[in-house]
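Student: sequence isn't available, so here's the structure alone:
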């Protein structure tokens, strides 16, 4: 009976409650369930919106992970009595919408959540285009903070003299491509001792182009030499192009490409049996375990790793695993940090409003979360993790401190 009431509560009020909290938090008491209905719906509260791909190709990899990470943070806040604002505590409500990984669905979801009174939005990293379309509504039609882990530099970077009211509400917590390119160049020169870098990249793909531009600029500034081979979405014979690069005897090879290309390139690398390291951006993180051995020994970036040894991260992993019976992944950790960033901003400002959230996030910079240190939206920097593929697994290699991006 209790479970049915809680199921109805989630469906009717569109409130997300983690499974493990259903009986743990409320002890099976109907009176407490009725109190929860009042606290989350009728009393003054903080309402957050989460837009994620809950259907389509990225539902498992991104959407469901975002939901579980965000709902855990919300449930923990409510378990602690809510967020203290002035002389009262506000419970937190999480409203969830599916963007289907489609721009039109993203816009519709954003408008629906705005009409339901959300104070801030957390959006999916999977489609930078979708987040950009929501951001385009930033002033006249959509005056809400947008917390995103999308990586397109159009969204995630504006130099201080270019910043406008339209993009002040876009808060980046992911690894944008300029940051990744700079970090990979620094790692290649200072850790791998590389002087000559080869790059094979998809010139039709914005992610690849943006990352390569930043890598090339930074690698050359550090005294290195760059050799490139490009291809288009037609996906040519990668073996020929990699063989051509191999003949130039590079010290490192950068593969900043989308998933299907990476798998084909990994197969080609195995045939060549190269003896220099291969590096890549966070697109590598989407490769399933069965295909990771294709890039054995390689290094790639991610915003988070479960082996980060901070007490906060280890507690998050323990709590998440206890409730969901599986280990979290990066999208869960990023969504958890996004909620914590928003609620922390409200608490420091002593006000529940979109404007207070924006002010609070800027005032509390840098934000230290379970994924590491995130700088304010002007600097757009954050810490990141370098992973190494060992025995077919993405193992923790080192954490890189945040370096604010300098406008070029």
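Tutor: The structure has been received and is ready for your questions. A quick note: this is a predicted structure, and the numbers were derived from the prediction, not measured.
Student: wait, residue 82 sits on residue 90?
Tutor: Yes: contact status for residue 82 versus residue 90: in contact at 5.0 Å, counting by CB atoms under 8 Å. C-beta: built from backbone N, CA, C; applies to glycine.
Student: when these two are compared, which one has more neighbours?
Tutor: Neighbour count, other CB atoms under 10 Å: between residue 82 and residue 90, residue 90 has more, with 23 against 18.
Student: next up, the contacts around the more buried one.
Tutor: 44-46, 82-84, 346, 352 (CB atoms under 8 Å, 6 or more residues apart in numbering).
Student: please point out which parts of stretch 272-286 sit buried.
Tutor: By 16 or more other CB atoms under 10 Å, the buried positions in stretch 272-286 come out as 274, 276-285.
Student: on that earlier part again, which residues are in contact with both of residue 82 and residue 90?
Tutor: Counting by CB under 8 Å, 6+ apart, the residues touching both residue 82 and residue 90 are 45-46.
Student: quick one: the helices in the stretch 101-250 of the chain?
Tutor: With helices called from DSSP state H, counting those that start in this stretch, the stretch 101-250 of the chain shows them at 103-115, 128-135, 153-156, 177-190, 206-221, 238-246.
Student: residue 144: which of these is closest?
Tutor: helix 103-115 (6.6 Å; CB to CB).
Student: circling back: out of the buried residues of stretch 272-286, who's nearest residue 197?
Tutor: Compare each of the buried residues of stretch 272-286 with residue 197 using CB to CB and the shortest gap goes to residue 279, at 8.8 Å.
Student: so where's this structure shaky on pLDDT?
Tutor: 1-43, 125-142, 151-168, 235, 376-380, 403-408 (pLDDT under 70).
Student: and it, what are its domains?
Tutor: 44-174+307-377, 178-302+386-400 (automatic domain parsing).
Student: ok now the longest one, how far from the chain's centre?
Tutor: The reference is to domain 44-174+307-377. Centroid separation for domain 44-174+307-377 versus its chain: 10 Å, with CA atoms, centre = their mean, to the nearest Å.
Student: and if you look at stretch 216-236?
Tutor: 25 Å.
Student: over to stretch 172-191?
Tutor: Between the centre of stretch 172-191 and the centre of its chain there are 15 Å (CA atoms, centre = their mean).
Student: give me the buried subset of the contacts of residue 90.
Tutor: Buried members of the contacts of residue 90, counted by 16+ other CB under 10 Å: 45-46, 82-83, 346, 352.
Student: pick out whichever of these sits closest to residue 220.
Tutor: Nearest to residue 220 among those, with distances taken as CB to CB, is residue 346, at 44.1 Å.
Student: so for the helix or strand containing the closest one, what gets flagged as buried?
Tutor: Assessed by DSSP states H and E, residue 346 sits inside helix 330-349. Of all the residues in helix 330-349, those buried under the rule 16+ other CB under 10 Å are 330-347, 349.
Student: then stretch 322-332?
Tutor: 323-324, 328-332.
Student: can you put these in JSON lines and add distance to residue 308?
Tutor: Output for those, formatted as JSON lines (distance: CB to CB, whole Å):
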{"residue": "323", "distance to residue 308": "20"}
{"residue": "324", "distance to residue 308": "19"}
{"residue": "328", "distance to residue 308": "12"}
{"residue": "329", "distance to residue 308": "13"}
{"residue": "330", "distance to residue 308": "11"}
{"residue": "331", "distance to residue 308": "15"}
{"residue": "332", "distance to residue 308": "14"}
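Student: I'm done for today, thanks for sticking with me.
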